[in-house]
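Participant: How does the following fold in three dimensions:
(one chain, ligands or ions: 1)
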Amino acid sequence: MKIADIKTHLLGHNLKRPFGFSQWYYSRRVHLVVEVLTDDGITGLGECYGPADTTRAAIDGFYKPRLKGLDPMRHEFIWNLLWKSSLDYARKGPMMAAISGVDLALWDIKGKALKCPVRRLLGGAPIGKIPCYATGMYFEKGISESRLIRKLLREADGYVRQGYPVIKIKIGKNPTFDRGLIRAMRKTFDHLRIAADANHAYNLKEALAIGHVLEENDFEWFEEPVSPEHYADYGVLRRQLAVKVAGGECEQTRFGFQQLLSRRSVDIAQPDLAYAGGITEAIKIHALANASGVDVIPHCWGTRINQAAAASFITMLHENPGRLEAGAALLEADCTENPVRDGLCSTHHEIRNGHIHFNHEPGLGVELDRKALRKFTV
Ligand code: MG
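Facilitator: As a prediction, the model looks like this:
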């Protein structure tokens, strides 16, 4: 079997209602889907996280000519070949996102060729479902902060009713708003597991102050408290706060995660498989995290393809299946408005009652709906 061609699909949609977090507001979502075609008719699906048009140029212009004719089963060899071919000028960034999307597609091909789900290839736990946490509760423009908090409480209540065992709110708007939101969430949902994501809004002192509010209110974790350029400050927060510190969605490769882990910066490492280097690299990142006593909960933001890759990977994360079942490993379920995520795949693993339920398809277990693909293509 040889790689015959690579196709990239730039997909997008405008949002009915823009939503925001500590850094900016989204009015449009875009996605980059990768298809790796083989000469024996098997096609693998992958996805890249990050700036879709730039990442697409990296695949089409740079990596594609290097991939044609290679044996797609050699994922490790191919990863190293692509990485070495661009190492001089692209150790991180969209080019690694491009390698990630190709790598996910190679794992999908491997599973389809061997008629085996990727989670079985990874040797994961024999579980049919994984608990998810609901990512949502984004900011909205043009309404007062007190109204926004009431709206976020209603949104959170919806996720609880849908059966999500954990939810994650956005903070980092400003310290006063954050304090009000954190306390209102805890007061309304007294036993719910709630995490908070600041998307690196703060400096160290501000993060420390908000971290204390999170620990007083028994929050699950404090995600990206400060800039990912300041891993030493993450370490200070981790030592001084009882609440777990999480980070890593901006980081890539085992080498990048080694920087994060060697400074003892986080309790939870959050590689995105569609950005950090694919499944091939995520296995190594997990090994490093495990050796540092750090849990891995992948970041997942995109379509059902990245969701399938993350869920498959999660099955291999814990030596103790009891911990897995107790929700030590969670799939991030982005619950924001996204017709591409919801409509692109005719086959996928379904999320219901707050859990992702695996289908029995080989590979990643996802297939494109061609009509939807045409509809969303930019
Ligand atoms: Mg985040």
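
Participant: Looking at the protein, which helix is longest?
Facilitator: helix 94-113 (DSSP state H).

Participant: Only alpha carbons, please: show that helix as CSV.
Facilitator: Output of helix 94-113 as CSV, limited to C-alpha atoms (Å, rounded to 0.1, in the frame of the first residue of the first chain):
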residue,chain,number,x,y,z
PRO,A,94,1.0,25.5,12.0
MET,A,95,3.6,23.1,10.3
MET,A,96,3.4,20.8,13.3
ALA,A,97,-0.4,21.1,13.1
ALA,A,98,-0.1,19.9,9.5
ILE,A,99,2.0,16.9,10.6
SER,A,100,-0.6,16.2,13.3
GLY,A,101,-3.5,16.1,10.7
VAL,A,102,-1.5,13.8,8.4
ASP,A,103,-0.6,11.5,11.4
LEU,A,104,-4.2,11.1,12.5
ALA,A,105,-5.1,10.1,8.9
LEU,A,106,-2.3,7.5,8.9
TRP,A,107,-3.7,6.0,12.1
ASP,A,108,-7.1,5.9,10.5
ILE,A,109,-5.6,4.1,7.4
LYS,A,110,-3.8,1.6,9.6
GLY,A,111,-7.0,0.8,11.5
LYS,A,112,-9.0,0.4,8.3
ALA,A,113,-6.3,-1.7,6.6
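
Participant: May I have the residues that are in contact with the residue lying closest to Ser265 once chain neighbours are set aside?
Facilitator: Distances taken as Cβ to Cβ, 6 or more residues apart in numbering place Tyr234 nearest to Ser265, at 3.6 Å, with adjacent residues excluded. Every residue, glycine included, has its C-beta placed from N, CA and C. Each residue near Tyr234 by Cβ atoms under 8 Å, 6 or more residues apart in numbering is listed here: Pro225, Val226, Val245, Gly247, Leu260, Arg263, Ser265, Val266.

Participant: In a markdown table, list the residues you listed along with distance to Val366 and neighbour count.
Facilitator: Conversion of the contacts of Tyr234 to a markdown table gives the following (distance: Cβ to Cβ, whole Å; neighbours: other Cβ atoms under 10 Å):
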| residue | distance to Val366 | neighbour count |
| --- | --- | --- |
| Pro225 | 34 | 33 |
| Val226 | 35 | 25 |
| Val245 | 32 | 25 |
| Gly247 | 28 | 27 |
| Leu260 | 29 | 26 |
| Arg263 | 36 | 16 |
| Ser265 | 33 | 26 |
| Val266 | 30 | 29 |
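
Participant: Run a quick neighbour tally on Arg154.
Facilitator: 10 (other Cβ atoms under 10 Å).

Participant: Strands - which of the contacts of Tyr234 land there?
Facilitator: Among the contacts of Tyr234, DSSP state E puts Val245, Gly247 in strands.

Participant: Closest to Cys335 out of the contacts of Tyr234?
Facilitator: Gly247 (21.5 Å; Cβ to Cβ).

Participant: Wait, a strand at Glu319?
Facilitator: No. Under DSSP: H, G, I helix; E, B strand; the rest coil, Glu319 falls outside any strand and is assigned coil.

Participant: Over to it: give its phi and psi.
Facilitator: phi -70, psi -30 (degrees, to the nearest 10).

Participant: Any figure for the gap between it and Ile127?
Facilitator: Relative to Ile127, Glu319 is positioned 14 Å away (Cβ to Cβ, to the nearest Å).

Participant: Distance of Arg341 relative to Thr347?
Facilitator: Using Cβ to Cβ, Arg341 is found at 14 Å from Thr347.

Participant: likewise Ile169?
Facilitator: Remark: distance between Ile169 and Thr347 (Cβ to Cβ) = 32 Å.

Participant: same thing with Gly293?
Facilitator: 38 Å.

Participant: Now do the strands in the stretch 101-250 of the chain.
Facilitator: With strands called from DSSP state E, counting those that start in this stretch, the stretch 101-250 of the chain shows them at 129-135, 166-170, 193-197, 221-223, 244-247.

Participant: Run through the residues that contact Asp53.
Facilitator: Leu10, Val30.

Participant: at 7 Å what do you get?
Facilitator: Leu10 (Cβ atoms under 7 Å, 6 or more residues apart in numbering).

Participant: and if you look at Ala184?
Facilitator: Contacts for Ala184 were tallied using Cβ under 7 Å, 6+ apart; they are Ile149, Leu153.

Participant: can you list the weak-confidence ranges in the stretch 151-300 of the chain?
Facilitator: Residue ranges of the stretch 151-300 of the chain with pLDDT under 70: none are present.

Participant: Please say which of Ile169 and Thr347 ends up with more neighbours.
Facilitator: Remark: of Ile169 and Thr347, Ile169 carries more neighbours, 22 against 14, as counted by other Cβ under 10 Å.

Participant: ok, Asp39 - contacts?
Facilitator: Shown in contact with Asp39 (Cβ under 7 Å, 6+ apart): Met1, Lys2, Ala4.

Participant: go again using 10 Å as the cut-off
Facilitator: Met1, Lys2, Ile3, Ala4, Asp5, Gly69, Pro72 (Cβ atoms under 10 Å, 6 or more residues apart in numbering).

Participant: Go through those residues and say which is closest to Gly256.
Facilitator: Pro72 (25.8 Å).

Participant: Do I have it right that the closest one meets Lys110?
Facilitator: Yes. Pro72 is within contact range of Lys110, at 7.2 Å (criterion: Cβ atoms under 10 Å).

Participant: Neighbour count for the two, which is higher?
Facilitator: Per other Cβ under 10 Å, whichever of Pro72 and Lys110 has more neighbours is Pro72, with 26 against 22.

Participant: Right, I'll leave it there.
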